[in-house]
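[1] Fold the following and give me the result.
(one chain, ligands or ions: 1)
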Amino acid sequence: MLAGLSGLSGLSGLAGGASLINVALSSLGAVATGSSQFNANFPASAANNGARTGAWGSPSGGWADQTSNTYPDTLEINFGQSRTVSRAVVVTLADSGGAVEPTAATLATVNGLTDFQIQYWNGSTWVTVATVTANDKAMRDLSFSAVTTDRMRLYVTAARANFSRVMELEFWGF
Ligand SMILES: [Ca+2]
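    Numbering: from 1, shown residues only. Presented below is the predicted three-dimensional model:
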């Protein structure tokens, strides 16, 4: 029993956050693609630029889709290589706007995503690893059993004010 607990502790250490990086970053070669784009001021590339904040409606602020009140909307990150991922962070547009660094308590009750999933590509289909419903927060930090893949996506089935708005989409792993 003691040996077993010790083993678990070791696994926990390996899976710990210290060595994990945000593999979604464009600076690491990852490419973000939206299912649509509202206009040039809301590009998918603004959602993997390493900033959870930004001037909403500027080219570096965040991504918004173009299909008003029509779902799903997707924001895909192609890592360009195989990655092992166990955590996602989704930052949507806060009530306070995009300029303030969000915390777990920051509200998004006006323009935020409400229902969404995190999915990975298993080589033949998209598989859901995390599901959020009735969201009212600007930032959601989601952990799940590690998956190894070259691409993951945010799959939105409902958002406030007709459009999916994403300041940043992070996938943490190695
Ligand atoms: Ca951003």
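
[2] Could you tell me which residues within stretch 100-115 count as buried?
    Pro102, Thr106, Ala108, Asn111, Gly112, Leu113, Thr114, Asp115 (16 or more other Cβ atoms under 10 Å). For every residue, glycine as well, the C-beta is placed using N, CA and C.

[3] any idea how far Ala88 lies from Met167?
    Separation of Ala88 from Met167 (Cβ to Cβ, to the nearest Å) stands at 14 Å.

[4] Equivalent analysis for Asp141, please.
    Where Met167 is concerned, Asp141 sits at a distance of 14 Å (Cβ to Cβ).

[5] When the two are compared, which one has more neighbours?
    More crowded of Asp141 and Met167, by other Cβ atoms under 10 Å: Met167, with 25 against 13.

[6] can you dump the C-alpha coordinates of whatever helix or strand that one lives in into PDB?
    Met167 belongs to strand 165-173 when assigned by DSSP states H and E. Coordinates of each C-alpha in strand 165-173 appear next as PDB, following Å, rounded to 0.1, in the frame of the first residue of the first chain:
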ATOM      1  CA  ARG A 165     -15.500  35.500 -28.900                       C
ATOM      2  CA  VAL A 166     -12.100  34.100 -27.800                       C
ATOM      3  CA  MET A 167      -9.200  36.200 -26.400                       C
ATOM      4  CA  GLU A 168      -6.900  33.200 -26.100                       C
ATOM      5  CA  LEU A 169      -7.000  29.400 -26.400                       C
ATOM      6  CA  GLU A 170      -4.200  27.500 -24.600                       C
ATOM      7  CA  PHE A 171      -3.300  23.800 -24.700                       C
ATOM      8  CA  TRP A 172      -0.700  22.900 -22.000                       C
ATOM      9  CA  GLY A 173       1.500  19.900 -22.500                       C
END
